[in-house]
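Peer 1: Pasting a predicted model and its sequence here:
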Amino acid sequence: MRVEVDGIALEVEAGATILDATRAAGSWVPTLCFDERQAAFGACRVCLVGVEGSPKPLPACTTPCRDGMVIDTGDQTARRVANAVVELVLSELPQAPAPHTELAQVAGRLQVGEPRWPGVTHPVDHDLRHPYLAFQHELCISCGRCVRACDEVQGAFALTATGRGFEANISAGLDSGFLDSTCVSCGACADTCPTDAITEITVLVAGGELDPGAVTEPGPRLRKGLRS
């Protein structure tokens, strides 16, 4: 199929999504819930783009291309919605995301600064019972990537989405923590998390974000990191 992305004509295979086409054309489209190793989810609505003939922006990650489609990644309505979504996400966090995280990078490229809507934020809630993985619940944006990585990629089914709206979060096992779940310590959840809600304890210790004394039973990798 032939499509046009930001004035660039190109051919894409049948079944390709708009996101596939934009990346092939070298155009940037922001994403938060998307991970190319997982089935497209279309939950965050940050990847909206304009499409000629469509009355509203379309999600790039889940919308298949059609022959002759004309795509505008800089569509003003699409970017306005994406900016508002990212700003709302940031407004729920008790602290700004670390600069290296996907959320911070997306916010930076969209030029989203301090949220305009101050209000209730998620309370700080850290689960440090796992020897390798730290769970910082207050940074969770319910993108679902960790759950899908655990289910689709690893087949461990250790994580579950819980709650709705502002109370939405992720729990391990039956809300009993990683150690009492089917977690196999593969790290797939930490690898895909766009906010560091789930991350390796060694990363937090090395970055000075976590006091080694807060971890009661560090695993081998953490002990090695502390010695070095």
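Peer 2: Yes, it's here.

Peer 1: where in the protein is pLDDT low?
Peer 2: Along the chain, segments meeting pLDDT under 70 span 175-179, 203-228.

Peer 1: Surely Pro64 touches Asp20?
Peer 2: No: look at Pro64 against Asp20 with CB atoms under 8 Å: they stay out of range, at 9.2 Å. C-beta coordinates here come from the backbone N, C-alpha and C atoms, glycine included.

Peer 1: Name the residues contacting each of the two.
Peer 2: Counting by CB atoms under 8 Å, 6 or more residues apart in numbering, no residue touches both Pro64 and Asp20.

Peer 1: Among the two, which residue is more densely surrounded?
Peer 2: Asp20 (18 against 14; other CB atoms under 10 Å).

Peer 1: Once you drop chain neighbours, what's closest to that one?
Peer 2: Leaving aside its sequence neighbours, Asp20 sits nearest to Val12 (CB to CB, 6 or more residues apart in numbering; 6.3 Å).

Peer 1: shouldn't the one you found be in contact with Cys65?
Peer 2: Yes: contact criterion CB under 8 Å: Val12 and Cys65 qualify, at 5.3 Å.

Peer 1: who's more crowded, these two?
Peer 2: A side-by-side neighbour count of Val12 and Cys65, using other CB under 10 Å, places Cys65 first with 24 against 20.

Peer 1: Which of the residues in the longest helix along the chain are classified as buried?
Peer 2: With secondary structure taken from DSSP state H, the chain has its longest helix at helix 76-91. Neighbour counts over helix 76-91 (16 or more other CB atoms under 10 Å) mark 78-79, 81-83, 85-87, 89-90 as buried.

Peer 1: what's the spacing between it and its chain's center?
Peer 2: Centre-to-centre, helix 76-91 and its host chain are 15 Å apart (CA atoms, centre = their mean, to the nearest Å).

Peer 1: Equivalent analysis for stretch 118-131, please.
Peer 2: 17 Å.

Peer 1: Check stretch 106-122 too.
Peer 2: Per CA atoms, centre = their mean, the centroid offset for stretch 106-122 relative to its chain is 15 Å.

Peer 1: just stretch 38-50 next, same as before
Peer 2: That offset, for stretch 38-50, works out to 11 Å (CA atoms, centre = their mean).

Peer 1: got the end-to-end distance for it?
Peer 2: 24 Å (CA to CA, to the nearest Å).

Peer 1: mind listing what's buried in that stretch?
Peer 2: Neighbour-count burial for stretch 38-50, counted by 16+ other CB under 10 Å, picks out 38, 40-50.

Peer 1: for stretch 22-40, same thing?
Peer 2: Residues 22-25, 27, 29-35, 38, 40 are the ones in stretch 22-40 that count as buried (16+ other CB under 10 Å).

Peer 1: From start to finish, how long is that stretch in a straight line?
Peer 2: Stretch 22-40 has an end-to-end distance of 15 Å (criterion: CA to CA).

Peer 1: Likewise for stretch 44-52?
Peer 2: Taking CA to CA, the first and last residues of stretch 44-52 lie 22 Å apart.

Peer 1: Then stretch 86-104?
Peer 2: Start and end residues of stretch 86-104 are separated by 10 Å (CA to CA).

Peer 1: sorry, back to before: overlap in contacts, Val12 and Cys65.
Peer 2: Common neighbours of Val12 and Cys65, using CB under 8 Å, 6+ apart, are 1, 3, 20-21.
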